[in-house]
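[1] predicted structure and sequence below. I'll ask about it afterward.
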Amino acid sequence: MHVKTQVSTLNLRSSSSNEHFLLYSCPAEANRSHMPEVTTPARTIIADLAKMVLGGKPLDRDQAMSLASAWPDCPEDLLYWANQVRKAVFGRRVRLCSIVAGKLGACSEDCKWCAQSARWKRPAFDNSVSFINPIRLGSEEIVSKARQALDSCPGRLGIVNSGLKPSPDDIEVLCKAGVGIGREYQNKARLCASLGQLTAEQAHRLVQAGFKRYHHNLETSRRIFSQFVTTHKYVDRLKTLEIARRAGLEICSGGLFGLGETWEDRIDLALTLRDQVRPDGVPMNFLHPIPGTPLQQARPLPPIEILSIIAIFRLIMPASDLLIAGGRVVNLRDLGSMIFQAGASSCMIGNYLTTAGRNARDDLQMIDDLGLEVSEY
């Protein structure tokens, strides 16, 4: 039996626009050779649910869990259908994001995965720097680091500070840097801040300084969050996201996978993001265990499981911008270029906060080799 795809309109809207998307369509006969045969129950489940998404109907929890149960029997089918949804919404366009650390280390929080917590005994970041005291950049240094990133690839730039929340001095430095970057790059850069918990006044100041987006991950499901973080609560993260949205900032919020969570936790995170947070961007990070942290012995996720997580998030959140970030290089290895075939629409380029990434030129070449185009924000 062959899957037939009809012309349909996705009755979902991008969180950043009011545009309806015309979904993937083709004459069934002309494309039949490229479509998977549906010969097993798992393949039928994946195909039927994907076509439902392509028809504009959102998945509920039971349907999403059906995908999680079905994919091990035919992961190639899941990736195929996730790619169709990505192409329907984003076409050949992909987006890029880079980050600059404004403040690094000495964090008061006890997130078990994080190398920046002052609570964990870990090797120094380099031969001269201890994480007992934070490494702070001044506004001019942040502008200089931003210039290096944006000259390699204009796009979205995130400025990230460690810590539970920013101090008044942190806000002053960041706002001054934001104004400087905006003056130099004007429309060639869209600024994002990641500073932890935020007040309404601080959020409005970021908007005035030219920041367009605020990043604050939920990380995992509400059910298991307290197993990995005890110094603040899940509801605190949700409150910060709401404050940022009310100030006029776009929302960037996603999660970290490989903590030992179940598929139920992954599905519940996706549904909380889709139905409650409604983020413009969804960063997806994959644990890179760091020596000295409580999760240093965690077993890395297999590459095919990572790709399947991306694909199921795409089917749950068809119009969201899925950004593949931390852990991409070390965990996916030779399958790194398959993130877009799995449904991703963005990736982070350059280095991360405490671990190295790929050279930006290599990622740009990968995107070109795949026949994709870098889209401006």
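    Arrived safely, thanks for sending.
[2] please name every helix or strand in contact with the longest helix seen in the chain.
    As assigned by DSSP state H, the longest helix anywhere in the chain is helix 168-185. Here helix 168-185 touches strand 93-104, helix 139-152, strand 155-161, strand 189-194, helix 200-208, going by 3 or more C-beta pairs under 8 Å, 6 or more residues apart in numbering; DSSP states H and E. Using the backbone N, CA and C atoms, a C-beta is placed for each residue, glycine as well.
[3] contact partners for the closest residue to Leu301 other than its chain neighbours?
    Excluding its sequence neighbours, the residue lying closest to Leu301 (C-beta to C-beta, 6 or more residues apart in numbering) is Gly258, at 4.6 Å. The contact partners of Gly258, by C-beta atoms under 8 Å, 6 or more residues apart in numbering, come to Phe286, Leu287, Ala298, Pro300, Leu301, Gly327, Asn331.
[4] residues contacting the fourth one?
    Counting by C-beta under 8 Å, 6+ apart, Pro300 makes contact with Gly258, Phe286, Leu287, His288, Pro289, Val330, Asn331.
[5] which stretches in this protein count as strands?
    Ranges of strands in the chain, per DSSP state E, are 9-13, 20-22, 93-104, 135-136, 155-161, 189-194, 211-215, 250-252, 255-257, 281-286, 321-324, 346-348, 373-374.
[6] reformat those strands as CSV; add mean neighbour count, mean pLDDT and distance to Gly182.
    Listed next are the strands of the chain as CSV, based on neighbours: other C-beta atoms under 10 Å; pLDDT from 0 to 100; distance: least, C-beta to C-beta, whole Å:
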stretch, mean neighbour count, mean pLDDT, distance to Gly182
strand 9-13, 16, 45, 28
strand 20-22, 15, 38, 31
strand 93-104, 23, 94, 14
strand 135-136, 17, 90, 21
strand 155-161, 24, 93, 11
strand 189-194, 23, 95, 7
strand 211-215, 24, 98, 9
strand 250-252, 22, 98, 16
strand 255-257, 24, 98, 30
strand 281-286, 25, 98, 20
strand 321-324, 25, 98, 22
strand 346-348, 25, 95, 21
strand 373-374, 14, 95, 21
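[7] who wins for most neighbours among the contacts of Pro300?
    Ranked by the number of neighbours (other C-beta atoms under 10 Å), the contacts of Pro300 place Phe286 first, at 24 neighbours.
[8] how much space between the residue nearest to that one when sequence neighbours are not counted and Tyr214?
    Ranked by C-beta to C-beta, 6+ apart and with sequence neighbours excluded, the top spatial neighbour of Phe286 is Gly327, at 3.4 Å. Applying C-beta to C-beta, to the nearest Å, the value for Gly327 to Tyr214 is 22 Å.
[9] check what pLDDT the nearest residue to Lys188 once chain neighbours are set aside gets.
    Excluding its sequence neighbours, the residue lying closest to Lys188 (C-beta to C-beta, 6+ apart) is Pro154, at 4.4 Å. Looking at Pro154, its pLDDT reads 77.
[10] ok, Pro154 - contacts?
    Contacts of Pro154 by C-beta under 8 Å, 6+ apart are Tyr185, Lys188, Ala189, Glu376.
[11] low pLDDT regions in the stretch 251-377 of the chain?
    Scanning the stretch 251-377 of the chain for pLDDT under 70 picks out 351-357.
[12] what are the ranges of the helices in it?
    Taking DSSP state H, counting those that start in this stretch as the criterion, the stretch 251-377 of the chain carries its helices at 263-272, 303-316, 328-332, 360-369.
[13] point out the most buried one among the ones you listed.
    For the helices of the stretch 251-377 of the chain, average neighbour numbers computed from mean count of other C-beta atoms under 10 Å are highest in helix 303-316, which has a mean of 24.
[14] what's that helix packed up against?
    Applying 3+ C-beta pairs under 8 Å, 6+ apart, we find helix 303-316 packed against helix 41-54, helix 61-70, helix 75-90, helix 263-272, strand 281-286, strand 321-324, helix 328-332.
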